[in-house]
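[1] Pasted the sequence and its predicted model underneath.
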Number of protein chains: 2
Amino acid sequence: MSFSLTLPDRVKVVEVGARDGLQNEPDPVPAPTKVEFIDRLSGTGLACIEATSFVSPTWIPQLADAGEVFRAITRKPGVSYPVLVPNERGMERALEAGADTIAIFNAASDSFNRKNINASIDDAFKRLARVAEIAQAENVAIRGYVSCVLGCPYEGEIDYGVVARVAATMDAMGCYEISLGDTIGVGTPLRACRMLEAVVRDVSLDKLAVHFHDTRGQALANVLASLEFGVRTVDASVAGLGGCPYAEGASGNLATEDLVYMLHGMEIDTGIDLEALIAAGRYITGQMGRAPASRLGRLPEGRRRHRYTT
Amino acid sequence: MSFSLTLPDRVKVVEVGARDGLQNEPDPVPAPTKVEFIDRLSGTGLACIEATSFVSPTWIPQLADAGEVFRAITRKPGVSYPVLVPNERGMERALEAGADTIAIFNAASDSFNRKNINASIDDAFKRLARVAEIAQAENVAIRGYVSCVLGCPYEGEIDYGVVARVAATMDAMGCYEISLGDTIGVGTPLRACRMLEAVVRDVSLDKLAVHFHDTRGQALANVLASLEFGVRTVDASVAGLGGCPYAEGASGNLATEDLVYMLHGMEIDTGIDLEALIAAGRYITGQMGRAPASRLGRLPEGRRRHRYTT
C-alpha cells in the first residue's frame, strides 16, 4: 500500500503574537518590551509580522501605544508589518505612524459583529469601504480577516456561504490576502476543508490564509488539512500568545513554534530559524512572568534536541 | 476546486491513562482512586481501557498495586482491560489477578531498550516469547507496543525497517493489535505516514494502532495523517495524563478528550460520551490536585458549549 500527503514545498507563516496575542493580556506590556519583541521576531526569518492594532484605546488599552510602538520598531527590508485598523480614525493613526500595510476585519456572523463592533456584516463593510479607499489612495496594502468562519459563540454553526460572501467582499475591496479565522477554536479538519471548499468558489485559493485558535487542541490538525487542501499561508502566535492568560496552558492561539516544527518536520520550507523563534517566545513570556504556551517553548533544551536533523 | 479528506466512519480509541498516564506520576495515587477512575472510564463507552502494569514495583512503585487494582475494578462486559506485562514474573502476577488481555512492549531502538530494560531488541523478544507462550496456553489475548517508532532519544532517527521488523515479530507472536508509539513525541504527519508505509509491507493495516505523544504538539495532526493513511485504532490518555507532571500543560500524551472532539467533529463514530470522558479526566486530575492537560478538560462549561451539535 502506498499513500502520501499532498503537501507544499513552502509555506508563509504570518506571526500575529504582537497584536492578536498581546491584545488579550490584562496586564500592560511596556512599549519598549513590545518593540524588542517585534524586533526579535524580525530576526527569525518571518516575512510577515502583525505589529499592533489602531483600535480605540478605550476598547483595548493594552494597544493604546500602537503609534509609539510602530514608530520605534526596526522595519527589516522584505518583512511586512501589518497593523489592524477598525475604522477611518484608526486608519488616520496608522498612516501618521507610517504603516504601509493594514489589516481589516469582519465576522461571518451578524450576531458576533453586533456584540463586537455594534454593526451588522454589511454595516461593518460600509465603514471598511472608506478605510479601503484611503488605503488605496495612499498605496497601503490591505489584509483581510474573516472571523467566526467555523462557528460563532452566539449563532453556533456558521453557513459557509456567508464566510464565502464576506471573503469575496474583502477580495473585491482589494485585499491582497484574506485570513479565515476560527475565532473560538471549535473547528475540526473536515469542517475546515468544507469551509475552504465553499470559499474557493468565490476567492482564489492563493489569496487565502488560515487562522486557527487552539482552544480545543484542533489547530495544528486543521492546519494540516488546510495544507492538503492547498492553502499556503498560515497565521500563528509565538508562545501561543492570546487566548486566556488566566488558564496556564489553555492557549487560544496556535503556537508558531509548534507549527514551524511540523512544517520543517514535513520538509516544508518557511525561511524561519526555529531556535530564534523559540527564543523570541521565551523572551516575551519571560517579560510577562510566565512560561510559553507552546509545547516546544516549554521543552527543556536537552529534550528539545530530540528532533529530526532536517 | 474540490477536495475531501479520506476518513473512516468509525475509530476505536484505546484509553491508556490509567497505565501509561499514571506510571509517570511521582506522587502515589491510592488504589481506590485508580479503581474509581477506571470504573468511570468504563462508563464512557470506551471499548478498551489499559488498566495497569505488572512491571516490577521497584521499577514503577506507582503501579505496585497492579493486582489489587485489577481485582477491584468492575469489568464491564464488552470492554477489554489490557495490562502491561514485561516478563514471565509479570505474566504470573497478571494471571493471578485474572487478566485476560495483556500488552507487551519492545522498542525499535537497541540503545533505548538497553537503557530501559537492559536488553537488545532480540534479547527482549526472547523474554517475550515465553510470555506469549504462556498467554496462548491460557487463552490470554496479546496487544503489542512498539516504542521509538519515529525517533529515539539516544539514536535520533530510527530506520523504519527496524520498526517494521519489530511489528512483524509481534504479529508472528500472535498479537491481535500492534500499537506504534512515538515515545518522545518528535514525529510529524509526513514521518508518521512514511513509517506506516514501511510497516504495512509486513503487517496488515487493520492490526495497527498509533500512539502519539504530544511533547511537541504534533500528536493530533499525526493522528489525522494516520487516519488518512487508513489506521483505525488510536491510543490516547484522558486529561493528557503522562509526560512531565512538573511542567503544567506540557503534556506527554495525546489527550483523549481532544482526540474524541476531533473525531466526532469529523463525523467519525467512537461510541464514546465526550462529556463523561471529560468528567473522568477531571476526576483523576482533581484527585491529583491539578487541572487536566487536555484543552477540552480546561475549558469552562460555558465555553465548552461552543461546539458543533454533531
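    Perfect, I can see it now.

[2] who touches the residue lying closest to A:Ser179 once chain neighbours are set aside in this structure?
    Nearest residue to A:Ser179, sequence neighbours excluded (CB to CB, 6 or more residues apart in numbering or on different chains): A:Ala209, at 4.1 Å. Any C-beta I mention is one placed from the backbone N, CA and C, and that applies to glycine too. By CB atoms under 8 Å, 6 or more residues apart in numbering or on different chains, A:Ala209 lies in contact with A:12, A:14, A:177-180, A:231, A:233-235.

[3] Now the two most distant members of those.
    Greatest spacing in those, by CB to CB: A:Lys12 and A:Leu180 (14.7 Å).

[4] Looking only at neighbour counts, state which of these two leads.
    Neighbours per residue (other CB atoms under 10 Å in any protein chain shown) separate A:Lys12 from A:Leu180, with A:Leu180 holding more: 30 against 16.

[5] Show the subsequent helix or strand relative to the helix or strand that one falls within.
    Using DSSP states H and E, A:Leu180 sits within strand A:177-182. As assigned by DSSP H and E, the chain's next helix or strand after strand A:177-182 is helix A:189-199.

[6] where does A:Leu299 land on pLDDT?
    As predicted, A:Leu299 sits at a pLDDT of 88.

[7] One more: A:Ser147?
    Looking at A:Ser147, the pLDDT reads 96.

[8] can you count the residues close to it?
    Quick note: A:Ser147 (other CB under 10 Å) scores 23 neighbours.

[9] which residues of chain A fall in strands?
    Counting by DSSP state E, one finds strands in chain A at the ranges A:12-15, A:48-49, A:52-53, A:83-84, A:101-107, A:141-147, A:177-182, A:208-212, A:233-236.

[10] Tell me which residues are up against the third one.
    When contacts are defined by CB under 8 Å, 6+ apart, strand A:52-53 is touched by residues A:18-19, A:23, A:34, A:60, A:63, A:65-66, A:69-70, A:83-86, A:90.

[11] Can you select the buried ones among those residues for me in PyMOL?
    Here is the PyMOL command that selects the buried residues among the contacts of strand A:52-53 (16 or more other CB atoms under 10 Å in any protein chain shown):
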select buried, chain A and resi 18+19+23+34+60+63+65+66+69+70+83+84+85+86+90
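
[12] Looking at the contacts of strand A:52-53, which one is closest to chain B?
    Of all these, A:Gln23 has the smallest distance to chain B: 18.3 Å, by CB to the nearest CB.

[13] show me the contacts for the residue in the stretch 51-200 of chain A positioned nearest to chain B.
    Here the residue of the stretch 51-200 of chain A nearest chain B is A:Thr188; by CB to the nearest CB that distance is 3.1 Å. Contact analysis of A:Thr188 by CB under 8 Å, 6+ apart lists A:218, A:221-222, B:261-262, B:265-266, B:308.

[14] Equivalent analysis for A:Ile60, please.
    Contacts of A:Ile60 (CB under 8 Å, 6+ apart): A:23, A:53.

[15] Name the residues of the stretch 101-250 of chain A found near chain B, please.
    A:151, A:153, A:156-157, A:184, A:186-191, A:193, A:196-197, A:200, A:205, A:214-218, A:220-221, A:223-225, A:228-230, A:247-250 (CB under 8 Å from any CB of the partner chain).

[16] How far away from the center of its chain is the lengthiest helix in chain A?
    What stands out as the longest helix in chain A, according to DSSP state H, is helix A:121-137. Distance of helix A:121-137 from its chain centroid, counting by CA atoms, centre = their mean, to the nearest Å, is 21 Å.

[17] what's the angle between that helix and strand A:141-147?
    160 degrees (axes from the mean of the first three to the mean of the last three CA atoms, to 10 degrees).

[18] Report the mean confidence score over stretch A:202-215.
    Rounded mean pLDDT across stretch A:202-215 is 97.

[19] Tabulate the CA atom coordinates of that stretch in CSV.
    Presented in CSV, the C-alpha positions along stretch A:202-215 are these (Å, rounded to 0.1, in the frame of the first residue of the first chain):
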residue,chain,number,x,y,z
ASP,A,202,-15.6,32.8,-4.9
VAL,A,203,-11.9,33.6,-3.9
SER,A,204,-8.7,32.4,-5.5
LEU,A,205,-7.0,29.8,-3.2
ASP,A,206,-3.7,31.5,-3.4
LYS,A,207,-5.2,34.6,-1.7
LEU,A,208,-6.3,32.6,1.3
ALA,A,209,-4.7,32.2,4.7
VAL,A,210,-6.0,30.2,7.7
HIS,A,211,-6.0,31.3,11.3
PHE,A,212,-6.9,28.6,13.8
HIS,A,213,-7.3,29.0,17.6
ASP,A,214,-6.2,26.0,19.7
THR,A,215,-8.9,26.3,22.3
